[in-house]
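Trainee: got a predicted structure here, sequence first:
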Amino acid sequence: MSKFWSPLVNDLVPYVPGEQPKMANLVKLNTNENPFGPSPKVIEAIQAELNDGLRLYPDPEGESLRQTIAAYHKVKPEQIFLGNGSDEVLAHIFFGLFQHGEPILFPDITYSFYPVYCGLYNIESTKVPLTESFEINPDDFKQPNGGVIFPNPNAPTGRYLELQYVEEILAANPDRVVVVDEAYIDFGGESAITLVDKYPNLLVSQTLSKARSLAGLRVGFAVGHPDLIEALNRVKNSFNSYPLDRLALAGAKAAYEDEAWFRKCCDGVISERERVTTALEDLGFEVLPSRANFIFARHKDQPGEVLAKGLREQGIIVRHFNKPRISEFLRITIGTVEQNDALIAGLESL
Ligand SMILES: Cc1ncc(COP(=O)(O)O)c(C=O)c1O
């Protein structure tokens, strides 16, 4: 605290990102990055941008990338909004598309940035409890609200909500924006982007940080009705007109142009997810059914905190949340075959 801080800053409760360790050789399974590197075509595209053109500002609208993403998802470019990671897209959504006078709804166990944005923008919220089996019950989202947001698959549970139930939530809230945060959708779910022309209140956000292995490039986007996109552009152009630099625009476009690489990475993660799940079940864990690139698991007798510490001592880092209902769980990112073998051996020894 300092006398120079505004009272607003004083009251902020910032998000705490998962550790990015400085030590080499750690088995890093704590922040849901992709264990496989980006496509070589992405690296080539970024290298091709390393020239005198860097003295010029990038395209503020990211027109070329929006066209690529729109064609990929069979929507129009004016239905796409780009941001510096989906976190920035989400921040603009909270500011520009939720009704600040009424509580917005999100699950009690979910992405921990949502309450942070509420604090930043002074938005009321109601935490909607997940069921006993950590599922979203669509009926619970049929109450007055200033907007709705949930990840699908949810984080950190990994549980997926079938599209018919997403539609139920959309249909029950025709006068409010419903945001489906699809950071992990490519690891086995069906995207709600196919519904954006049917529901003008639907906004889907996605990221290139996970399935496209580009967490370091910071690219995310939202897809929805052009009216929703226009609101986001108004916020963006009141904050930072150039959220994506030239390297990010070029790399992200190349990532969409290498479908074979993308499929190979997703399939690799999915098959490893199934293998790790079975191995952990054999060790006495309950593993929630996951459609993400991580699993959420608790052991029948070993506390999550003890296991996380024990793994850390062996150079393996996973995420443990000391929060109500989930303090017994570990969230474990799916790694390479070798990393997952190290995890399984580490848990065996504990
Ligand atoms: C549910 C969810 N949404 C959004 C994000 C943000 O992703 P990024 O800002 O890297 O696009 C994350 C990151 O872990 C996440 O778990």
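Mentor: Sure, I can see it. Residues are numbered from 1 along each chain as shown.
Trainee: show me which residues of this protein are close to the ligand?
Mentor: Counting by Cβ under 6 Å from any ligand atom, the chain comes close to the ligand at 32, 85-87, 111, 151, 155, 181, 183, 207, 209, 215, 220. All C-beta atoms are positioned from the backbone trio N, CA, C, and that covers glycine.
Trainee: among those, which are in strands?
Mentor: Counting by DSSP state E, the part of the residues of the chain next to the ligand found in strands is Pro151, Asp181, Thr207, Gly220.
Trainee: in contact with the third one, which residues?
Mentor: Contacts for Thr207 were tallied using Cβ atoms under 8 Å, 6 or more residues apart in numbering; they are Gly85, Ser86, Ala183, Val219, Gly220, Phe221.
Trainee: dump those residues to CSV, plus distance to Gln302.
Mentor: As requested, the contacts of Thr207 are exported to CSV (distance: Cβ to Cβ, whole Å):
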residue, distance to Gln302
Gly85, 35
Ser86, 34
Ala183, 29
Val219, 38
Gly220, 36
Phe221, 40
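Trainee: tell me the one of the residues of the chain next to the ligand nearest Leu288?
Mentor: Ala155 (11.5 Å; Cβ to Cβ).
Trainee: tell me the strands in the stretch 251-350 of the chain, going along the chain?
Mentor: Taking DSSP state E, counting those that start in this stretch as the criterion, the stretch 251-350 of the chain carries its strands at 285-287, 294-299, 316-317, 329-333.
Trainee: what do you get for the stretch 1-150 of the chain?
Mentor: Secondary structure of the stretch 1-150 of the chain, counting by DSSP E, counting those that start in this stretch: strands at 27-28, 80-83, 104-107, 125-128, 148-151.
Trainee: include mean neighbour count and mean pLDDT when you put the ones you listed into a markdown table, please.
Mentor: Formatted as a markdown table, these follow (neighbours: other Cβ atoms under 10 Å; pLDDT from 0 to 100):
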| stretch | mean neighbour count | mean pLDDT |
| --- | --- | --- |
| strand 27-28 | 20 | 95 |
| strand 80-83 | 26 | 98 |
| strand 104-107 | 24 | 98 |
| strand 125-128 | 17 | 98 |
| strand 148-151 | 24 | 98 |
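Trainee: the bottom helix or strand of this protein by mean pLDDT?
Mentor: helix 7-11 (a mean of 91; mean pLDDT, DSSP states H and E).
Trainee: quick check: angle from the top helix by length along the chain to strand 329-333?
Mentor: Counting residues, the longest helix found in the chain (DSSP state H) is helix 259-282. With axes from the mean of the first three to the mean of the last three Cα atoms, to 10 degrees applied, the angle from helix 259-282 to strand 329-333 works out at 150 degrees.
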